[in-house]
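Chemist: sequence and predicted model, in that order:
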Amino acid sequence: MFHGLLHSLGQALARYLSQPHSSIQTGMPTDRRALAQQLRPGDVLLVEGNSRVSTVIKYFTQSTWSHAAFFVGPQLGGCNALGEPYLLIEADMIDGVCKRPLSHYATYPTRICRPVGLSATDLQQVLLEITSKLGAQYDLRNVFDLARYFLPALPVHGHWRRRLLALGSGDPTRAICSSLIAEAFQSVNYPVLPAITAECHQDAQRLHAVMETIYHIRNRRLFVPRDFDVSPYFDIVKPALAEGFDFHRMHWEAEDVSVSVQASSPAESASKRST
């Protein structure tokens, strides 16, 4: 009974946090046609949302991006009620891990982050990993934690922002958007933002110490959408530039040259200043 009440409360909070919020979007919505032509299976689509929870995530991560979705492509299968094909997978607060058409992101600024160097075999493993999570629930503990930040609170030091977003129960059957995608890439040891340490060991042949860089897989709960943007292992693809951008072809609004009062000549202006 208590579990059912908690679940109902979590769903109510999720609906509240998913409502639009009066926040300013810093980017421009991406042209859907150009976006569709540039997306490739394995791409991560970052989204600048405008919901209440988006505002919290953007504040704590100090980033434009509040959400991430994974592009699978037509092989994902299925269509929505309008007959639009499902192409992407995301972890939604209300619907859980689900399929989305590209039109779902039509009104939002987006960015394509593309992994580099994945073999066809690696890519299929990543696709298999993320599609296997379809139907999983969103981590409702994450919802409760995020809801706390709408209450009056002291400013949070930058050092703790990522830790405060390392939320959730840790239950692998539940997911949040960034951890879902990061875990899929980590299934083939593809780096997003790995933890890096330098270890010193003795080289027997060269008779001196050698520093070796060691990469460590980070806890999946520590990932946020901006990590795919700042990662050195993902290319940033901007559809407008990829299609051969030419600013000479832009149609600018004509400047309104009609004025009700004629500008004074330099002599008239000098005369007015002297009086």
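Modeler: Done, it's in.
Chemist: quick one: contacts for the residue lying closest to Leu87 once chain neighbours are set aside?
Modeler: Leaving aside its chain neighbours, Leu87 sits nearest to Leu102 (5.4 Å; criterion: Cβ to Cβ, 6 or more residues apart in numbering). (Glycine included, C-beta is placed from N, CA and C.) Residues near Leu102 by Cβ atoms under 8 Å, 6 or more residues apart in numbering: 32, 35-36, 39, 84, 87-88.
Chemist: and those residues, which are buried?
Modeler: Burial by neighbour count, 16 or more other Cβ atoms under 10 Å: within the contacts of Leu102 this picks out 35, 39, 87-88.
Chemist: could you list the low-pLDDT ranges of the stretch 151-275 of the chain?
Modeler: Scanning the stretch 151-275 of the chain for pLDDT under 70 picks out the ranges 151-175, 195-222, 256-275.
Chemist: closest one of the contacts of Leu102 to Ala69?
Modeler: Nearest to Ala69 among these: Leu88, at 4.5 Å, using Cβ to Cβ.
Chemist: the closest one reaches Pro74, doesn't it?
Modeler: No - Leu88 is beyond contact range of Pro74, at 11.3 Å (criterion: Cβ atoms under 8 Å).
Chemist: phi, psi of Asp229?
Modeler: Backbone torsions of Asp229, given as degrees, to the nearest 10, read phi -70, psi -40.
Chemist: how many other residues sit next to the closest residue to Arg32 other than its chain neighbours?
Modeler: The shortest distance from Arg32 to any residue other than its chain neighbours is 5.3 Å, reached at Ala106 (Cβ to Cβ, 6+ apart). Using other Cβ atoms under 10 Å, Ala106 has 13 neighbouring residues.
Chemist: likewise for Thr107?
Modeler: Here the number of neighbours of Thr107 (other Cβ under 10 Å) works out to 10.
Chemist: OK, contacts around it?
Modeler: Here Thr107 is in contact with Pro29 (Cβ under 8 Å, 6+ apart).
Chemist: and Arg249, how many neighbours?
Modeler: Arg249, neighbours per other Cβ under 10 Å, totals 7.
Chemist: wait, which of the contacts of Leu102 is closest to Phe70?
Modeler: Lowest distance from Phe70 to the contacts of Leu102 (Cβ to Cβ) belongs to Leu88, with 6.3 Å.
Chemist: beta partners of that closest one?
Modeler: Phe71, Arg100 (DSSP bridges).
Chemist: make a markdown table out of the contacts of Leu102 and add pLDDT.
Modeler: Formatted as a markdown table, the contacts of Leu102 follow (pLDDT from 0 to 100):
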| residue | pLDDT |
| --- | --- |
| Arg32 | 86 |
| Leu35 | 93 |
| Ala36 | 93 |
| Leu39 | 97 |
| Glu84 | 96 |
| Leu87 | 98 |
| Leu88 | 98 |
